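>>> sequence unknown, structure follows:
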């Protein structure tokens, strides 16, 4: 095949294949709407997240009184709280994934590329951390440093990079035996530059797919921690915290569980569809 | 003139689960500035491993011993810092398969520019200009646009020309072309060979042409080194070796070359038998089991390289008897 006009890049080609995937594209749109709403609504909505009202405790959803999703036991508007919770949940999902990505890719690529004893040591370290339960780790962090949303970022990020580093190491091991790495060595490119410019870009396909699956995992982990009372603290909220509170009042006020759970579920679906779409789009066999 | 490359007693061994593979054994040769040396041999004769060892690119289970000097500096098993200054700069290599030799996720131009930034400290913009120039020299059509292309967007011949452009960027003194035309069709092959010839004539680059095509050697090379079973069996000027081959293996290779005038009804002569098992090389001449001219000492004693004419040497017991 000869060069086509404009020399579409690998990524642009993958982008075009991705754009043909309807489920994935719909997911991108829905996710963008949820993200935008969680950013804008808490600023502009006529109720704040802490505005309690004695007149409207546990009112069911209604368009007439402005509480679209109803109110909770303190008379706070669930619509604004759900979207605010989305802010926290998405932020935690994305930020912890960035932390995991940065540590995991660096660690895995260096281990796989260096090989030998260094690789052995680095990966045994990963194995040791793997054996440490996440919850145990977070409880230690919380007891030592006190409750702090920042700790949730650190805790999740510090544990979730382990799988990432294993994926990247495995990919690096296979990429480093390819001839173009030898060719780069043969033209005198330094080890660091070979790793950064020739190896890492070639392992990113599976990494990107894993990222789209890691974001929802991390959102769930945060929900789980908040559910246990270890994560986000009142009056801040997240989907996990809202769900845990809603679950306690399932019989009097089912909407308190239904709306945050629906948002969480839709977001999970979106990320998974996007992950599937990316995996198909980046599959080199289709190239 | 002093040799550019001096290879002495080069041994390359690979340890495998079943034993030690002797890929290259006791290889000696020199490369003079500006000359073109052909390395000919069948698969597994050690021709590629010789140069991979020289470039520090042996697989993890491979070890090289002996000595290879570039202008008096030892480069065999040299520290990475020494090699990195030479590789891509003074010594360059073109690989057989240009698709797998180029990084798929990098634009070809960037891969060229990287070499210039690395070895000549050029700025990105200067490197880009020089890279486009180099692509024009190898007659890549529409070079400025192809600078932005990814390897998979180029045809096989274009990729090989990109590889040659990359290898020639720093005007190396030695260019090793490892079967760089094998995967190409004949017209493209001719273009690539003309490029190499141009580098030799215009830039005075010494070229090592690894191939199993004697026709290519005849057209381009000054001297030829014939390898069999990891050893040199014959080395000398191309004209002389084609006219008066001293080793039976070389004679057999020359006989098995197709020629345009040949009667198509007559089968092309082939060399019967299999290449030697490098894990269990025979004590005598490695070619003896397939040799039509073997006699008593061949299987007992390994023949050494002996002078057949001024700069023509061959490793065969026959030469000694005659």
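Arrived safely. Predicted model only: the values in this text are computed from it and were never measured.

>>> Would you state the strands of the stretch 1-150 of chain B in chain order?
B:5-16, B:19-31, B:36-40, B:62-70, B:73-74, B:91-94 (DSSP state E, counting those that start in this stretch).

>>> Likewise for the stretch 151-300 of chain B?
Secondary structure of the stretch 151-300 of chain B by DSSP E, counting those that start in this stretch: the strands cover B:174-178, B:206-211, B:223-228, B:231-237.

>>> Nearest approach to chain A belongs to which of the strands of the stretch 1-150 of chain B?
Evaluated with Cβ to the nearest Cβ, the strands of the stretch 1-150 of chain B place strand B:91-94 nearest to chain A, the distance being 4.6 Å. The way it works is simple: take the backbone N, C-alpha and C, and place the C-beta from them, glycine included.

>>> which secondary structure elements does that closest one contact?
When contacts are defined as 3 or more Cβ pairs under 8 Å, 6 or more residues apart in numbering or on different chains; DSSP states H and E, strand B:91-94 packs onto helix A:179-186, helix B:156-168, strand B:174-178.

>>> The shortest one near chain A anywhere?
No - applying Cβ under 8 Å from any Cβ of the partner chain, one finds strand B:174-178 out of contact with chain A, separated by at least 8.9 Å.

>>> How far does that strand sit from its chain's centre?
6 Å (Cα atoms, centre = their mean, to the nearest Å).

>>> Let me know the angle separating it from helix A:179-186.
170 degrees (axes from the mean of the first three to the mean of the last three Cα atoms, to 10 degrees).

>>> and what of the second one?
Per the same axes, to 10 degrees, the angle that helix B:156-168 makes with helix A:179-186 is 20 degrees.

>>> for helix B:156-168, packing partners?
Helix B:156-168 sits against strand B:91-94, helix B:98-101, helix B:108-120, helix B:124-137, strand B:174-178, helix B:186-198, with contacts defined as 3+ Cβ pairs under 8 Å, 6+ apart.

>>> try 10 Å this time
Counting contacts by 3 or more Cβ pairs under 10 Å, 6 or more residues apart in numbering or on different chains; DSSP states H and E, helix B:156-168 packs against helix A:179-186, strand B:91-94, helix B:98-101, helix B:108-120, helix B:124-137, helix B:143-146, strand B:174-178, helix B:186-198.

>>> can I assume residue A:231 is in contact with residue A:243?
No - the criterion here is Cβ atoms under 10 Å, and residue A:231 misses it with residue A:243 at 11.7 Å.

>>> Between those two, which contacts overlap?
Counting by Cβ atoms under 10 Å, 6 or more residues apart in numbering or on different chains, the contacts common to residue A:231 and residue A:243 are A:223, A:224.

>>> Which one of the two is surrounded by more residues?
Legend: neighbour count by other Cβ atoms under 10 Å in any protein chain shown for residue A:231 and residue A:243, higher for residue A:231 (28 against 23).

>>> Nearest residue to that one in space, please, no chain neighbours.
Closest residue to residue A:231 apart from its sequence neighbours, by Cβ to Cβ, 6 or more residues apart in numbering or on different chains: residue A:225 at 3.6 Å.

>>> what's near enough to touch the one you found?
A:92, A:134-135, A:138-139, A:142, A:151-152, A:155-156, A:231-232, A:238, A:240-241.

>>> can you pick the most crowded of these?
Greatest neighbour count in the contacts of residue A:225, by other Cβ under 10 Å, goes to residue A:238: 31 neighbours.

>>> got CSV for the strands of the stretch 151-300 of chain B, with mean pLDDT too?
Formatted as CSV, the strands of the stretch 151-300 of chain B follow (pLDDT from 0 to 100):
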stretch, mean pLDDT
strand B:174-178, 91
strand B:206-211, 93
strand B:223-228, 94
strand B:231-237, 93
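
>>> circling back: buried deepest among the helices and strands packed on helix B:156-168, which one?
Stretch with highest mean neighbour count among those: strand B:91-94 (a mean of 28; mean count of other Cβ atoms under 10 Å in any protein chain shown).

>>> How far away from the center of its chain is that strand?
Counting by Cα atoms, centre = their mean, strand B:91-94 comes out at 10 Å from the chain centroid.

>>> Quick check: phi and psi at the residue in the stretch 151-287 of chain A positioned nearest to chain B.
Distance from chain B to each residue of the stretch 151-287 of chain A (Cβ to the nearest Cβ) is smallest for residue A:187, at 3.1 Å. Main-chain torsions, residue A:187, degrees, to the nearest 10: phi -100, psi 10.

>>> residues contacting the closest residue to residue B:135 other than its chain neighbours?
Computed as Cβ to Cβ, 6+ apart, the closest residue to residue B:135 that is not its neighbour in sequence is residue B:143, at 3.7 Å. By Cβ under 10 Å, 6+ apart, residue B:143 lies in contact with B:109, B:131, B:132, B:133, B:134, B:135, B:136, B:137, B:162, B:165.

>>> Now with 8 Å, please.
B:132, B:133, B:135, B:136 (Cβ atoms under 8 Å, 6 or more residues apart in numbering or on different chains).

>>> Could you verify my assumption that the first one touches residue B:144?
Yes - the pair residue B:132 and residue B:144 passes the contact test of Cβ atoms under 8 Å, sitting 5.3 Å apart.

>>> gap between the closest residue to chain A within the stretch 1-150 of chain B and residue B:299?
Closest contact between the stretch 1-150 of chain B and chain A, by Cβ to the nearest Cβ, is at residue B:88 (3.1 Å). Distance, residue B:88 to residue B:299, by Cβ to Cβ, to the nearest Å: 45 Å.

>>> Please name the nearest non-neighbouring residue to the residue of the stretch 201-322 of chain B found nearest chain A.
Nearest to chain A, among the residues of the stretch 201-322 of chain B, is residue B:208, at 13.3 Å (Cβ to the nearest Cβ). Closest residue to residue B:208 apart from its sequence neighbours, by Cβ to Cβ, 6+ apart: residue B:176 at 4.5 Å.

>>> which residues touch residue B:29?
B:7, B:37, B:225, B:232, B:235.

>>> Dump the residues you listed into JSON lines; add distance to chain A as well.
Listed next are those as JSON lines, based on distance: Cβ to the nearest Cβ, whole Å:
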{"residue": "B:7", "distance to chain A": "18"}
{"residue": "B:37", "distance to chain A": "18"}
{"residue": "B:225", "distance to chain A": "21"}
{"residue": "B:232", "distance to chain A": "24"}
{"residue": "B:235", "distance to chain A": "25"}
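
>>> Show me what from the stretch 151-300 of chain B comes close to chain A.
Residues of the stretch 151-300 of chain B lying near chain A (Cβ under 8 Å from any Cβ): B:152, B:153, B:154, B:155, B:158, B:163, B:166, B:167.

>>> of those residues, buried ones?
Those of those that meet the buried threshold are B:153, B:154, B:158, B:163, B:166, B:167, by 16 or more other Cβ atoms under 10 Å in any protein chain shown.

>>> show me what contacts the last one?
Under the criterion of Cβ under 8 Å, 6+ apart, the contact list for residue B:167 reads A:187, B:88, B:92, B:93, B:94, B:175.

>>> Return the distance of it relative to residue B:222.
20 Å.

>>> And residue B:162, by the same measure?
Distance, residue B:162 to residue B:222, using Cβ to Cβ: 27 Å.

>>> Among the two, which residue is more densely surrounded?
Higher neighbour count among residue B:162 and residue B:222: residue B:162, with 28 against 17, using other Cβ under 10 Å.

>>> Pretty sure that one sits against residue B:155.
No - the criterion here is Cβ under 8 Å, and residue B:162 misses it with residue B:155 at 10.6 Å.

>>> picking that back up, my guess is the residue of the stretch 151-287 of chain A closest to chain B contacts residue B:86. True?
No - using Cβ under 8 Å, residue A:187 makes no contact with residue B:86, being 10.7 Å away.

>>> Looking at these two, which is more packed in?
The residue with more neighbours, out of residue A:187 and residue B:86, is residue A:187; 26 against 22, by other Cβ under 10 Å.
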